[in-house]
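Asks: coords please:
(4 chains)
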There are 2 protein chains.
Amino acid sequence: MTRSERGRIRVAVSTVILTMRRDRGATPRVALPLVRRTRDPFRGDWALPGGWLDEQESLEEAAARTLAETTGLAPSYLEQLYAFGAVRRSPSRVVSVVYWALLRADEVDAQSAAFEASGTAPDNVAWNDAESLPTLAFDHNRIVEYALWRLRNKAGYSRVAQGFLPPAFTLADLREAYETILGRRLDPANFRRQVEAAGNLIPTDEFRTGSHRPARLYRHNTDVALADRGPLSPEETRTP
Amino acid sequence: MTRSERGRIRVAVSTVILTMRRDRGATPRVALPLVRRTRDPFRGDWALPGGWLDEQESLEEAAARTLAETTGLAPSYLEQLYAFGAVRRSPSRVVSVVYWALLRADEVDAQSAAFEASGTAPDNVAWNDAESLPTLAFDHNRIVEYALWRLRNKAGYSRVAQGFLPPAFTLADLREAYETILGRRLDPANFRRQVEAAGNLIPTDEFRTGSHRPARLYRHNTDVALADRGPLSPEETRTP
DNA sequence: ACAAAAGTGTTCGGCTTACACCCATGA
DNA sequence: TCATGGGTGTAAGCCGAACACTTTTGT
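Replies: Just a heads-up that it's a prediction; the model follows:
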């Protein structure tokens, strides 16, 4: 007890928000928002959105709040990534609890536009290709690397990729999301059978037309969680 | 920044140490060490070993240090489990970063004996059956529940169960470890082929005799990590 | 008509499961 | 010699990968 009373250790939260963006018609890529730091240390460098943990909020609430304050974004769920606490990861002693989430491109656009219109938006937020980042402040490059590893890992055994998609989507959309995450092509025929067998999708009666044969639209089955998070307390995970 | 300057948030670390114990010849069970609290809050209740994070040590170093101070144990590796930070999980505001590890029963005995002999051992440490714990201090019941979920999960796709076993062991030993973790019986024949195919075991020329046909002893293949932890920084994970 | 994407069928090989069977030892 | 666990063989079934094939649209 006494040791910690003497020391000065602060708790920060950061978020890695991943989305899928299509630049000039090319194949989509994973992108994430970065914030330019306006104070030392690392003033002027890019960093993950985040801030200090307030005494009256949970870790996840702090992650959601600081993310909204800096970027205007509000993901539908946040998952804890890791707690980083090396002694020299910052000039002062900071333990950073990092959260991550997937965000749909259409939500990003809507939320960003609303944030801009509100007049409170700082002009120091930029979306970056996750695979070609500049050198970030603190250990944030490593944190992003770890988040991408987790994403690819999780794509293998859960349905996380649906987090990139709007409520209604075609199987080609979903397959493209997986291909973007995993970095390789998937067989359309086998992909169809696999997701159909998994039972996570609800077919609708609508079709998307416009090019070639119309494709059936599907919706998420909200009864099935995006990813099994185990017996964590609701108090620990819920964002109010 | 200002919010956190005002507030008083302390960082603690706790550890869930799991081992496999065989009571009175019965089937082995998962057990973990608990410490009886000597001060408020929850004075007199059982809690996970842990303590405050010191300003000059990393999270993992703090976990190893506080574990050694309270129980005398020194696992060969520690893995971060989760950061718990609900506002009311403690009367004062505490963020607990929890680590977990598997420990071999023979190491537990040896380290505990050495700790006792050193004269510095407090007599308030007890080993508990993980499936039938009393009500613990803080949210520690939930933390243990989550650790057990992670263990069972991980046993499915990695070789964690070897963490329960001494350097040399029979396939029956290894199978028993998996059966204890997973709570179900495994086919000896198929189990043998699976672990042989995985290439994580090195057969020795020794056999364990004493009952029926002698069984070949195996050793861990230390070239293969117990569990893939992704691209986490060595600074973040290493215990010096 | 033709290109291209949606969607279906089929085969193959690897892996898991179930279980029969042989082997080697202690008592 | 017999009970018991160690260890091998083998066939059925499931699932993913590969790919041929049919269907339906836009041009």
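Asks: Please export the C-alpha coordinates of stretch A:157-174 as PDB.
Replies: In PDB, the C-alpha atoms belonging to stretch A:157-174 read as follows (Å, rounded to 0.1, in the frame of the first residue of the first chain):
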ATOM      1  CA  TYR A 157     -13.200 -18.300 -35.000                       C
ATOM      2  CA  SER A 158     -15.900 -15.700 -34.600                       C
ATOM      3  CA  ARG A 159     -18.100 -13.500 -36.700                       C
ATOM      4  CA  VAL A 160     -16.300 -10.200 -35.900                       C
ATOM      5  CA  ALA A 161     -16.100  -9.100 -39.500                       C
ATOM      6  CA  GLN A 162     -19.900  -8.300 -39.400                       C
ATOM      7  CA  GLY A 163     -18.800  -5.300 -37.400                       C
ATOM      8  CA  PHE A 164     -17.600  -3.700 -40.600                       C
ATOM      9  CA  LEU A 165     -20.900  -4.000 -42.400                       C
ATOM     10  CA  PRO A 166     -24.200  -2.100 -42.400                       C
ATOM     11  CA  PRO A 167     -27.300  -3.900 -41.200                       C
ATOM     12  CA  ALA A 168     -28.100  -5.300 -44.600                       C
ATOM     13  CA  PHE A 169     -25.400  -6.800 -46.800                       C
ATOM     14  CA  THR A 170     -24.700  -9.400 -49.400                       C
ATOM     15  CA  LEU A 171     -22.600 -12.400 -49.000                       C
ATOM     16  CA  ALA A 172     -20.100 -10.800 -51.300                       C
ATOM     17  CA  ASP A 173     -19.900  -7.800 -48.900                       C
ATOM     18  CA  LEU A 174     -19.200 -10.100 -46.000                       C
END
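Asks: contacts for that stretch?
Replies: A:19-20, A:101-106, A:151, A:154-155, A:177-178, A:180-181, A:188, A:191-192, A:195, A:198, A:200-201, A:204, A:206, A:208, A:215-220, A:224, A:226-228 (CB atoms under 8 Å, 6 or more residues apart in numbering or on different chains). Every C-beta, even on glycine, is put in place using the N, C-alpha and C of the backbone.
Asks: domains for chain A, by residue range?
Replies: Per the record, chain A has its domains at A:2-155, A:160-223, by automatic domain parsing.
Asks: For residue B:86, which of those domains is the nearest?
Replies: Closest approach to residue B:86 among those is made by domain A:2-155 (5.2 Å; CB to CB).
Asks: Please see if that closest one touches chain B.
Replies: Yes - under the criterion of CB under 8 Å from any CB of the partner chain, chain B is reached by domain A:2-155 at A:3-4, A:6-12, A:51-60, A:80, A:82-87, A:89, A:93, A:95, A:97, A:139, A:142, A:145-146, A:149-150, A:153.
Asks: Any part of that domain near DNA strand C?
Replies: No - against DNA strand C, domain A:2-155 shows no contacts by CB under 7 Å from any atom of the strand, the least distance being 12.5 Å.
Asks: coming back round to it: strands - which of the residues of domain A:2-155 next to chain B land there?
Replies: The strands, defined by DSSP state E, take in A:10-12, A:51-52, A:80, A:82-84, A:95, A:97 from those.
Asks: isn't residue A:176 right up against residue A:29?
Replies: No - counting by CB atoms under 8 Å, residue A:176 stays clear of residue A:29, with 11.3 Å between them.
Asks: The two - which one has more neighbours?
Replies: The neighbour comparison of residue A:176 against residue A:29 (other CB atoms under 10 Å in any protein chain shown) goes to residue A:176, with 21 against 16.
Asks: Quick check: residue A:215 touching residue A:208?
Replies: Yes - because the distance of 5.2 Å satisfies CB under 8 Å, residue A:215 is recorded as touching residue A:208.
Asks: more neighbours, those two?
Replies: Shown here are residue A:215 and residue A:208; by other CB under 10 Å, residue A:215 has more neighbours (17 against 14).
Asks: how about the nearest residue to the more buried one, chain neighbours excluded?
Replies: residue A:170 (4.0 Å; CB to CB, 6 or more residues apart in numbering or on different chains).
Asks: what bridges to the one you found?
Replies: On the basis of DSSP bridges, residue A:170 is bridged to residue A:217.
Asks: And it, how close does it get to DNA strand D?
Replies: 14 Å (CB to the nearest atom of the strand, to the nearest Å).
Asks: again with residue A:64
Replies: Residue A:64 is 35 Å from DNA strand D, by CB to the nearest atom of the strand.
Asks: my read is that residue is in a strand, agree?
Replies: No - read with DSSP: H, G, I helix; E, B strand; the rest coil, residue A:64 is helix and lies in no strand.
Asks: Kindly state the pLDDT recorded for it?
Replies: At residue A:64, the model reports a pLDDT of 97.
Asks: what's the neighbour count on it?
Replies: 23.
Asks: For chain A, what lies in contact range of DNA strand D?
Replies: So far as CB under 7 Å from any atom of the strand goes, chain A lies against DNA strand D at A:187, A:189-190, A:194, A:197, A:209-214.
Asks: ok, 10 Å please
Replies: Contact residues, chain A versus DNA strand D (CB under 10 Å from any atom of the strand): A:156, A:184-194, A:197-198, A:207, A:209-215.
Asks: could the domains of chain A go into a markdown table alongside distance to residue B:134?
Replies: A markdown table is the format used below for the domains of chain A (distance: least, CB to CB, whole Å):
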| stretch | distance to residue B:134 |
| --- | --- |
| domain A:2-155 | 27 |
| domain A:160-223 | 36 |
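Asks: winner for burial among these?
Replies: Stretch with highest mean neighbour count among the domains of chain A: domain A:2-155 (a mean of 18; mean count of other CB atoms under 10 Å in any protein chain shown).
Asks: Residue A:18 contacts residue A:28, correct?
Replies: No - Residue A:18 is beyond contact range of residue A:28, at 11.9 Å (criterion: CB under 8 Å).
Asks: in chain A, which helix or strand is least confident?
Replies: Ranking every helix and strand in chain A by mean pLDDT, DSSP states H and E puts helix A:2-6 at the bottom, with a mean of 45.
Asks: Give the phi and psi angles for residue A:108, as a check.
Replies: Backbone geometry at residue A:108, expressed as degrees, to the nearest 10, gives phi -60, psi -50.
Asks: Nearest residue to it in space, ignoring adjacent ones along the chain?
Replies: In space, residue A:108 is closest to residue A:19, 5.2 Å off (CB to CB, 6+ apart).
Asks: Surely that neighbour is within a helix?
Replies: No - the assignment for residue A:19, made by three-state DSSP, is strand rather than a helix.
Asks: wait, isn't it in contact with residue A:106?
Replies: No - look at residue A:19 against residue A:106 with CB under 8 Å: they stay out of range, at 9.7 Å.
Asks: Quick check: end-to-end length of stretch A:85-98?
Replies: Separation of the first and last residues of stretch A:85-98 by CA to CA, to the nearest Å is 11 Å.
Asks: err, stretch A:205-219, not the other one
Replies: Start-to-end span of stretch A:205-219 (CA to CA) is 11 Å.
Asks: So it, near DNA strand C or not?
Replies: Yes - between stretch A:205-219 and DNA strand C, judged by CB under 10 Å from any atom of the strand, the touching residues are A:207-209, A:211-218.
Asks: is it true that residue A:155 lies in a strand?
Replies: No - going by three-state DSSP, the assignment for residue A:155 is helix, not a strand.
Asks: anything in contact with each of residue A:18 and residue A:28?
Replies: Common neighbours of residue A:18 and residue A:28, counting by CB under 8 Å, 6+ apart, are absent.
Asks: Ramachandran coordinates for residue A:30?
Replies: For residue A:30, the backbone dihedrals (degrees, to the nearest 10) come out as phi -80, psi 130.
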